[in-house]
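K.L.:
sequence and predicted model, in that order:
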Amino acid sequence: FRAEVDAIDNKGCPVEVEASNPKYWGTKVMFQMISNGSSTLCHGEKYRGTLSRVTLKGLSSVAATALRYENVKSIEKNIIDGMESLQKQVVGDGVYRVCFERGALKLGSASARAHALLPPSDIVAALIKK
């Protein structure tokens, strides 16, 4: 799954855009980049409310900075716990949407048609026969 994407570069790859102070990011920007597939962060710096500088940072640089002051073992445990919770909720090969309910990850049913890559099977079959 993917999160919202702020921008796309000239190669069609997602780019995360931030103009806030990095000291308040924690791991939020890193996880946002991971979830939306961004390998580049476009960071705008402001001075007195005006954009003064723009720098590009790679995901590895953002992650190194974010994890320098974090308890990595705790983050890993939270990720594993979340993935195990989701895995226990999966039934068959259905299509799901991920949501949070009272702070817990929950899977809800989603329309398979809305997320399908191909047209309905009867249309695919008709196209193949032609």
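P.N.:
Right, received. Where do you want to start?

K.L.:
need the residues that contact the helix or strand containing Gln32.
P.N.:
Here Gln32 is covered by helix 28-36, with elements defined by DSSP states H and E. Identification of contacts with helix 28-36 by Cβ atoms under 8 Å, 6 or more residues apart in numbering yields 1-6, 14, 16, 18, 22, 38-39, 41, 59, 62-63, 66-67. All C-beta spots, glycine's among them, are computed from the backbone N, C-alpha and C.

K.L.:
restricted to strands, list those residues.
P.N.:
Those of the contacts of helix 28-36 mapping onto strands are Pro14, Glu16, Glu18, Leu41, per DSSP state E.

K.L.:
most neighbours among those, which one?
P.N.:
Neighbour counts for the ones in strands among the contacts of helix 28-36 peak at Glu16, which has 26 neighbours (criterion: other Cβ atoms under 10 Å).

K.L.:
where does pLDDT dip in the chain?
P.N.:
For the chain, applying pLDDT under 70 flags the ranges 1-3, 111-118, 130.

K.L.:
all helices of it, in order?
P.N.:
Per DSSP state H, the chain carries helices over the ranges 28-36, 59-67, 72-89, 121-129.

K.L.:
looking at those, which one is packed in the most?
P.N.:
helix 28-36 (a mean of 18; mean count of other Cβ atoms under 10 Å).

K.L.:
ok now that one, how far from the chain's centre?
P.N.:
Centroid displacement of helix 28-36 relative to its chain, using Cα atoms, centre = their mean, to the nearest Å, is 5 Å.

K.L.:
quick one: it to helix 59-67, angle?
P.N.:
Angle, helix 28-36 to helix 59-67, by axes from the mean of the first three to the mean of the last three Cα atoms, to 10 degrees: 140 degrees.

K.L.:
and the angle from helix 28-36 to strand 14-18?
P.N.:
Using the same axes, to 10 degrees: helix 28-36 against strand 14-18 is 160 degrees.
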